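Trainee: Please work out how this folds:
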Amino acid sequence: MWKIISLGISILARIYWYQIRKKPESEMEKLWAKIGQEFRETLFDLEGLLIKVGQFLSIRSDLLPGSFVKQLEDLVDHVPPSSWEEIKDVLQKEWEGKIEDKLESIHPTAIASASIGEVYKGYLKDGTCVAIKVQRPAIRSIIQTDFRSLSIIIWIAHHFAPVPKQFVNFKMLFFELKQVIKRELDFHLEMEASLHFRTRFSKFNRLIIPRVFPDLCTSRVLVMEWVEGRKITDVDFLVQSRINREELSVRLLQLFIPQWLEAGIFHADPHAGNVLVKEEGSIVLLDYGMVGEISKKDAANFQDLLQAFLLKNYTLAVKVLMDLGFIHPDANTKKIEMILKEALSIDFAHYKEMDLFTVKKELNDLIRSLPVQVPTRFIFLGRSFITIEGMLHTISPGSELLEIAKPAFLKWLYQNNQSKWKLIWKWINAQPVFQVFHSIQDLLESPKRFIELKEIQQHREFHFSVLENQKRQLFFLGAIGITGSLFGIYSRITLITDVALGITGISLVAYIICSWKQKNWLKSLKK
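Mentor: Next up, the predicted model:
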């Protein structure tokens, strides 16, 4: 516990120290990279829940520094397996009898070992080869301890981290993490999700979802069909097997588009270890422990948002984003409409000729100046999308994402029963030949909008930095006061103790007043 807490306090202190010394942005990036590396090493040392925390944080690139997140990219579970005797004990308790009564045989060495479960290879009585996922023996007690430690870190971050509280809701992030971990601890839920996906995609061409054996499944044991395959990002295997990589990319996207845009559950952890490909090109989708859910209302809003973007109806787009929870209800909608116009006025037909890094940085700076945050219920939807996007770039590096998305999206439109022809017509109507007048108007208004937005952003950054600097100074003044009072008590010099306590009290009151002013200012941003 103390190793986690001390790491959190150390990170916070170093960030404040760098900001007080007004280190350049390049130095801050190096600091965040170093912090990310230390954090990653701590995850592997302590194992348990913390590896899941790292995976969770790695999908919050909208809130966390890029150099920090980069250290957590492709974070996978590296946990030593439990002893066979411990695993055997779990199996026999869950099955209420000897292993030999259920299985013909089982290999005692784990095929894979993760933070929550371990996978073993075995055979049923009828000779069927199966994968047996067993929950780690002490994982529940480990997670309880880790959650207590994390709750302290979250409290410290919520009250002292130099991040606008309006933009990062640490309490909600912690709540979301607890919900996800609790779900992963119940293998019954994973079994139900697997059965759901098998039914939902039963007619999908060349897709394999391993069948499960409910009679052998419990809350701590999951038995499923053993399926061989290679990682879908194994380019050498794709070349050797002569698999059409562009066609494979389209099929992969066809598998996930309905999960992202239709009501129901979606696979929230489709990393390369969970998405395999067989030699003949069939896709194998594994591991349904981490799933998200899209409600009917959210699915309808996503489709409305798509229509708004196609028609360049920014007013409708902002309204839908508000309904989805991405924008605060009392935010300045006109300014956000200007941001969307700026972001979507790029001519993607010529984007190869543009400095994409500069364009993306400018847009990110503008978006970050607004009271916008990804709702916690969509965090894993974003993870799913970003992970698949990365896979597509690996599988078909010579193809652009838009080229792959177009046939996959059109097929989804054709198969979807909800106003498909209306959406197709709106898409056609939104093409450049029909939008020339909109483009000219956007082009004429762009310089003026960009200048206004930059001025707003600079003013907000200056005002926020003034308040943050005041809070930092008062925080360290209070720390000095506490140190002085402890020294006075130790040396028994009453004068030093009284003066130090006075400094501490004044700085605490001033810190509270400054925080109150900052909170009111953040509220005024929405107006």
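
Trainee: Provide a list of residues in contact with the closest residue to Glu184 other than its chain neighbours.
Mentor: Counting by Cβ to Cβ, 6 or more residues apart in numbering, Gly289 is the residue found nearest to Glu184 once chain neighbours are left out, at 4.6 Å. C-beta: built from backbone N, CA, C; applies to glycine. Under the criterion of Cβ atoms under 8 Å, 6 or more residues apart in numbering, the neighbours of Gly289 are 116-117, 183-184, 187, 189-190, 193, 269.

Trainee: Can you tell me the SS state at Gly289?
Mentor: On the three-state scheme (DSSP: H, G, I helix; E, B strand; the rest coil), Gly289 is labelled coil.

Trainee: ok, it to Leu124 distance?
Mentor: Between Gly289 and Leu124 the computed distance is 22 Å (Cβ to Cβ, to the nearest Å).

Trainee: if we can go back for a sec, can I have the buried ones of the contacts of Gly289 as a PyMOL selection?
Mentor: Typed into PyMOL, the next command selects the buried ones out of those (criterion: 16 or more other Cβ atoms under 10 Å):
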select buried, resi 116+117+184+187+189+190+193+269
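
Trainee: Generate JSON lines for the contacts of Gly289, with pLDDT and secondary structure as supplementary columns.
Mentor: As requested, the contacts of Gly289 are arranged in JSON lines below (pLDDT from 0 to 100; DSSP: H, G, I helix; E, B strand; the rest coil):
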{"residue": "Ile116", "pLDDT": "83", "secondary structure": "coil"}
{"residue": "Gly117", "pLDDT": "86", "secondary structure": "strand"}
{"residue": "Arg183", "pLDDT": "82", "secondary structure": "helix"}
{"residue": "Glu184", "pLDDT": "82", "secondary structure": "helix"}
{"residue": "Phe187", "pLDDT": "93", "secondary structure": "helix"}
{"residue": "Leu189", "pLDDT": "93", "secondary structure": "helix"}
{"residue": "Glu190", "pLDDT": "93", "secondary structure": "helix"}
{"residue": "Ala193", "pLDDT": "94", "secondary structure": "helix"}
{"residue": "Asp269", "pLDDT": "84", "secondary structure": "coil"}
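
Trainee: do you know how far the nearest residue to Tyr288 once chain neighbours are set aside is from Leu177?
Mentor: Counting by Cβ to Cβ, 6+ apart, Ala193 is the residue found nearest to Tyr288 once chain neighbours are left out, at 3.8 Å. Separation of Ala193 from Leu177 (Cβ to Cβ) stands at 19 Å.

Trainee: can you pull out the helices in the stretch 201-350 of the chain?
Mentor: Taking DSSP state H, counting those that start in this stretch to define them, one finds helices in the stretch 201-350 of the chain at 235-240, 245-261, 296-311, 314-324, 333-344.

Trainee: For Ile35, find the nearest of these.
Mentor: Each of the helices of the stretch 201-350 of the chain was checked against Ile35 via Cβ to Cβ, and the shortest separation belongs to helix 333-344, namely 30.1 Å.

Trainee: Please identify the buried residues of the closest one?
Mentor: Across helix 333-344, burial judged by 16+ other Cβ under 10 Å covers 333, 335-343.

Trainee: Enumerate the strands of the stretch 101-250 of the chain by residue range, in sequence order.
Mentor: Under the criterion DSSP state E, counting those that start in this stretch, strands of the stretch 101-250 of the chain are mapped to 103-106, 112-113, 117-124, 129-135, 207-208, 221-225, 230-231.

Trainee: Let me know the angle separating the helix or strand harbouring Leu413 from helix 245-261.
Mentor: Assigned by DSSP states H and E, Leu413 falls within helix 401-415. Orientation check (axes from the mean of the first three to the mean of the last three Cα atoms, to 10 degrees): helix 401-415 against helix 245-261 gives 60 degrees.

Trainee: What are the buried residues along helix 401-415?
Mentor: By neighbour count with 16+ other Cβ under 10 Å, helix 401-415 contains the buried residues 404-405, 407-409, 411-413.

Trainee: which pair in these spans the largest distance?
Mentor: Greatest spacing in those, by Cβ to Cβ: Ile404 and Leu413 (15.5 Å).

Trainee: so Gln254 makes contact with Leu410?
Mentor: No. Under the contact definition of Cβ atoms under 8 Å, Gln254 does not touch Leu410, with a separation of 10.0 Å.

Trainee: I'd like to know how far the closest residue to Lys125 other than its chain neighbours sits from Tyr123.
Mentor: The spatial neighbour of Lys125 that comes closest, neighbours along the chain excluded (Cβ to Cβ, 6+ apart), is Glu104 at 5.4 Å. Between Glu104 and Tyr123 the distance is 4 Å, computed by Cβ to Cβ.

Trainee: any idea which of the buried residues of helix 333-344 is closest to Ser384?
Mentor: For the buried residues of helix 333-344, with Ser384 as the reference and Cβ to Cβ as the criterion, the closest is Ala343, at 22.1 Å.

Trainee: Counting neighbours, what do you get for Gln240?
Mentor: Around Gln240 there are 11 other residues, counting by other Cβ atoms under 10 Å.

Trainee: How about Val466?
Mentor: Here the neighbour count serves as a burial measure; for Val466 (other Cβ under 10 Å) it reads 12.

Trainee: likewise Ser491?
Mentor: Here the count is done by other Cβ under 10 Å, and Ser491 has 10 residues near it.

Trainee: wait, what's in contact with it?
Mentor: Under the criterion of Cβ under 8 Å, 6+ apart, the contact list for Ser491 is empty.

Trainee: Recalculate using a threshold of 10 Å.
Mentor: Applying Cβ atoms under 10 Å, 6 or more residues apart in numbering, one finds that Ser491 lies in contact with Thr497.

Trainee: And it, how far from Gly484?
Mentor: As judged by Cβ to Cβ, Ser491 and Gly484 stand 10 Å apart.
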